[in-house]
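J.: Below: sequence and its predicted model.
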Amino acid sequence: MMAAASAPRDVTSYGIGLAAPLALFFLAFFVAPLVQLFILSLHNDAAGAIWGIGQYVHFLTDPFSLSVLGSTLLLGAEVTALCLVLGFPIAWLYHRVGSRTQTLIILIVLLPLLTSVVVRTFAWIVILGRQGIINSTLLSIGAIDTPIRLLYTQFGVVVALAQVQMPLMTLPLITVLGRIDMNLEDASCSLGAGSWRTFWKVVLPLSLPGVIAGCTLTYAAAITAFITQSLVGGGQMLFMPMYLYQQASTLQNWPFAGAISIIFLFAVLAVVTVFGMLGRLSRGYGEA
Amino acid sequence: MINRRTLLTTALTLGAMKAFPGLSYAQARPLVFATFTGSWEEAHKAVLVPAFRKANADASIVLDPMLSVDQIAKVNAARANPPIDVMLHDPGPALVAIGQDLVEPYPVEKSTYYKDLIAEAQEPMGPAPFFQVVGLTYNPDTVKTAPTSWADLWKPEFKGRVGITNLNSTLGTGWLVEVARMHGGSEANVDPGFKALEALKPNLAAVAANPGALATLFQQGQIDISPGNFNAIQILKARGVPVEFVAPKEGAIAFKTTIHVVKNSPNRDFAFKLIEAALSPEVQTTLMNSPYLIVPTNSKVSMGGEIARVLTKDTAELKKKFVFQDWKKINEQRSAWIERFNREIKI
């Protein structure tokens, strides 16, 4: 998305017809079902016979539903923050090592994308369990007497999601850091700035477009990650995807499920819009 | 004359015929049988499907494993041309499917085996070819004295070692009703059950999202004792996981698993024949034996092996020993319970 900034100015010189197949595809398989979902959500009863906005009122006036939405949005923020803190050094390192190590880093970053989410999630269940690697290590060195609870906690979900979504953060960062002229850092240092100051004043602002892109992708992926959330979080930790599934499948309450998805969609769009605004601001900052 | 264009056309046509066999034969699509995932899928693929094909000149059949509730959602979305011909249901979803007019009455008068089923399994809207049984499961390596009652889950010695599932599953909901009954409640009143759950919190190590996830928790040593499904445990046992099943003295919970012909199915006849195969004593006997250990409902099948040892010697004892729940009552309030569970059970 951010790369569009460098596109040629006269976009209209390309026939708009080239975009038609994709537009039709989106209309048929994305917009139309979405409209149908919205219409479905405008029914007050589960059978879908009575029109009304009762489902939205129900959701927005119910503290429990709102807390599910809140905890889901918070979960996304935590995962995104962790990915950023862990992903930035890797992306930075990538441009400062030899080509052989670069290949290794790319491989490590991409490796999670090459295995299924289910497999990765089960690996985390093994790692975080009562007799998992972490607990057995801590027990054997005598740091703890009884296994600590890691699985089925918010901590567990955040860590597992961060690993699963890490490539979405690291790849945009690697791209954007590669575009920064390294001479700028040398110039900053030669003008007397320390390495931290150089980082805060030069590297970070210039890398903001990548940071924003990475954050948007990670955030959207983390809050909608049904499998990881339900397997690592367990049956008592409720996030929006599971809430939606429960209403749609177990309870067959499609209008409420529809309302939940529309509200969730708008909440995510709002967050993405905020990211986008930050992105525009950062571009101005970066070019200034 | 063969040129590039006709060659390409021919190749594409052949490819399309391969990809969409329906194009080349003017035949209805294969019979689609929605079974459950996991042990059920394995059992049906290995026993029921071959039996059906053998009796019906290799008629084409597809297994589509998914949860009952997902089957209902799929059929509901395309009632006029359902993507499934035969559905398999736990008692709760079965009532929903019947209530939403998604299934046809079973052609009882045509059936060879219907009258041989035990009375509880004779359901005119879809007979029950199998039972599922829910009791206590535990790890014999860490739980030295076998539990005998649901109440054992509350023992202080099991602090942080008990697993349950949430109410999305038949297992979780049925178990909660039994807990309520133990404390004076019933299908109509689960308040005592929720109070008991509150008291169980210190013991809870995990609330699994589904019964499958619960079973695997034994494998990882995450839990040592839980309410559990007899069949799910057998699979673990066969893989060498230390886990045992006991029927609690309050009575193990028995669920009828019913099988239905979907309304407007283009494959009505084959659907009927598949269900007949599922009701037949031959298929039920094979499924009863190791490694499947599925409880039969045909009274002509005599209970044997592990089932006779752990569960029941015959159908008379089965009816005496097992608890059958009133899922009509349960369904009336189930969504309210799920909501309450969502709110109250945080560990």
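T.: Cool, got the structure. Quick caveat, the model's predicted, so the values are computed rather than measured.

J.: For the stretch 151-300 of chain B, which residues score under the pLDDT cut-off?
T.: Filtered on pLDDT under 70, the stretch 151-300 of chain B yields no residues whatsoever.

J.: Contact distance from chain A - what residues of it qualify?
T.: Residues of the stretch 151-300 of chain B lying close to chain A (Cβ under 8 Å from any Cβ of the partner chain) are B:160, B:165-166, B:168, B:172, B:205-210, B:213, B:216, B:220-222. Placement of C-beta: from N, CA and C, glycine included.

J.: Next, give me the two most distant ones among those.
T.: Greatest spatial distance in these: B:Asn168 and B:Gly221, 24.4 Å, computed using Cβ to Cβ.

J.: quick one, which of these two is more surrounded?
T.: B:Asn168 (24 against 20; other Cβ atoms under 10 Å in any protein chain shown).

J.: check contacts around the closest residue to B:His44 other than its chain neighbours.
T.: For B:His44, ignoring the flanking residues on the chain, the nearest one in space by Cβ to Cβ, 6 or more residues apart in numbering or on different chains is B:Thr35 at 4.8 Å. By Cβ atoms under 8 Å, 6 or more residues apart in numbering or on different chains, the contact set of B:Thr35 is B:41, B:44, B:63-65, B:88.

J.: Which of those residues fall within helices?
T.: B:Glu41 (DSSP state H).

J.: Could you give me the ChimeraX syntax to select whichever of the contacts of B:Thr35 are buried?
T.: Per 16 or more other Cβ atoms under 10 Å in any protein chain shown, the buried members of those correspond to this ChimeraX selection:
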select /B:44,64,65,88
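
J.: re earlier: looking at the residues of the stretch 151-300 of chain B next to chain A, which is nearest B:His260?
T.: Closest to B:His260 out of those is B:Asn168 (21.2 Å), distances taken as Cβ to Cβ.

J.: Point out the residues in the stretch 151-288 of chain A that sit beside chain B.
T.: A:151-152, A:230-231, A:234-238, A:242-243, A:246, A:248-253.

J.: Give me the PyMOL select line for the residues you listed, limited to the buried ones.
T.: Entered in PyMOL, the line below selects the buried ones among those, by 16+ other Cβ under 10 Å:
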select buried, chain A and resi 151+152+230+231+234+235+236+237+238+242+243+246+248+249+250+251+252+253
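
J.: Report the separation between B:Ser299 and chain A.
T.: From B:Ser299 across to chain A, the span is 33 Å (Cβ to the nearest Cβ, to the nearest Å).

J.: Just give the number of residues close to that residue.
T.: With other Cβ under 10 Å as criterion, B:Ser299 counts 16.

J.: Quick check, it in contact with B:Leu117.
T.: Yes - here B:Ser299 reaches B:Leu117: they are 6.9 Å apart, a contact under Cβ atoms under 8 Å.

J.: buried stuff in the particular helix or strand that has A:His58 in it?
T.: Element membership of A:His58 [criterion: DSSP states H and E] is helix A:54-61. For helix A:54-61, burial by neighbour count (16+ other Cβ under 10 Å) applies to A:54-56, A:59.

J.: what residues does the helix or strand where B:Ala278 lies touch?
T.: B:Ala278 is located in helix B:268-279, with elements delineated by DSSP H and E. Applying Cβ under 8 Å, 6+ apart, the contact partners of helix B:268-279 are B:31, B:33, B:48, B:51-52, B:55-56, B:59, B:61, B:85-86, B:104, B:106-107, B:110-114, B:116-117, B:126-127, B:129-130, B:259, B:261-262, B:265, B:283-284, B:297-298.
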